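Visitor: What follows is a predicted protein model with its sequence.
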Amino acid sequence: MSHGWELRNCAAAAAVFDSMNAIAQTRLTLLGVALALVPATGCGIDVHEAERGKSVDIKSVLGDVSVRTNVDNADTGLPVYPGAQPLREHGEDQSANVNVASRWFGVRVIAAKYQSDDANDKILEFYRREMNTYGPVTECRGNVDFRGGPGNKRMVCKEQPSSDEVQLAAGTEGRQRVVAVKPRGNGSEFSLVYVNTRG
């Protein structure tokens with residue numbers, strides 16, 4: 001059973017975004033863009049909350065934002081590591097599908113978190129093979145970035161040696177896939193992320 005309500009006050013958007021799950025808050029800071037897209041007057045936000053997850057739709061003359069949390073079978077283009085289970089925090093699966101669209105640019109981000117009893121090395125070995133489909137794989141203990149001129153950008157690693165998270169990334173600046181793996185108890189947790197941008 002689900003219920004919906006409509007908010008017509010832009011200030012209310014902050015309360016909606018505060019309630020989003022961890023991925024929607026940390027990896028998808030695009031939600032800040034959502035507020036910038038909506039004019040200070042005439043803000044229209046439609047929120048629906050179901051048993052699992054929330055959906056937020058923001059429409060304005062400048063652009064639209066759509067957010068879905070706890071997405072079943074998040075379509076990142078990468079398989080889920082065998083035996084892994086969706087990671088749950090505060091009773092919710094950690095997945096999100098965010099779309100930001102305007103005349104000038106667009107961003108789509110799909111992300112999901114999982115946990116496994118297997119060690120980091122096994123999961124990284126699995127995804128090194130799987131990600132080859134999308135081109136050379138950059139491995140980084142830190143964050144991945146792009147450097148170079150237009151049409152000649154390459155993926156580079158911004159090392160953070162003290163980090164316990166390892167990222168694998170493949171693709172282009174406009175369309176990339178990232179797997180981030182780190183220890184969790186006696187096993188591991190990992191995130192699968194797909195990013196597609198235009199403009």
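Guide: Structure received.
Visitor: least trustworthy helix or strand in the protein by mean pLDDT?
Guide: helix 12-18 (a mean of 32; mean pLDDT, DSSP states H and E).
Visitor: element containing the residue nearest to Tyr127 when sequence neighbours are not counted?
Guide: Leaving aside its sequence neighbours, Tyr127 sits nearest to Val179 (Cβ to Cβ, 6 or more residues apart in numbering; 4.5 Å). Heads up, the C-betas are built off the backbone N, CA and C, glycines and all. In this structure, Val179 sits in strand 175-184 according to DSSP states H and E.
Visitor: Quick check: buried residues in that strand?
Guide: For strand 175-184, the neighbour count (16 or more other Cβ atoms under 10 Å) marks 176-181 as buried.
Visitor: And the longest helix that the chain contains, what does it pack against?
Guide: In the chain, assigned by DSSP state H, the helix with the most residues is helix 120-131. Secondary-structure packing of helix 120-131 (3 or more Cβ pairs under 8 Å, 6 or more residues apart in numbering; DSSP states H and E): strand 166-171, strand 175-184, strand 187-198.
Visitor: if we compare these, which one ends up closest to Asp64?
Guide: Of all the helices and strands packed on helix 120-131, strand 187-198 sits nearest to Asp64, with 14.1 Å by Cβ to Cβ.
Visitor: strand partners of that closest one, parallel vs antiparallel please.
Guide: Sheet pairing here is set by DSSP bridges, and for strand 187-198 it gives strand 106-116 (antiparallel), strand 175-184 (antiparallel).
Visitor: Any idea which of the helices and strands packed on helix 120-131 gets closest to Ser60?
Guide: Shortest distance between Ser60 and these, using Cβ to Cβ, is found for strand 187-198: 18.7 Å.
Visitor: list the buried ones in that closest one?
Guide: 188-196.
Visitor: Format the residues you listed as JSON lines; extra columns: distance to Val109 and pLDDT.
Guide: Formatted as JSON lines, the buried residues of strand 187-198 follow (distance: Cβ to Cβ, whole Å; pLDDT from 0 to 100):
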{"residue": "Ser188", "distance to Val109": "22", "pLDDT": "97"}
{"residue": "Glu189", "distance to Val109": "19", "pLDDT": "95"}
{"residue": "Phe190", "distance to Val109": "17", "pLDDT": "96"}
{"residue": "Ser191", "distance to Val109": "11", "pLDDT": "93"}
{"residue": "Leu192", "distance to Val109": "11", "pLDDT": "94"}
{"residue": "Val193", "distance to Val109": "7", "pLDDT": "92"}
{"residue": "Tyr194", "distance to Val109": "7", "pLDDT": "93"}
{"residue": "Val195", "distance to Val109": "5", "pLDDT": "91"}
{"residue": "Asn196", "distance to Val109": "8", "pLDDT": "91"}
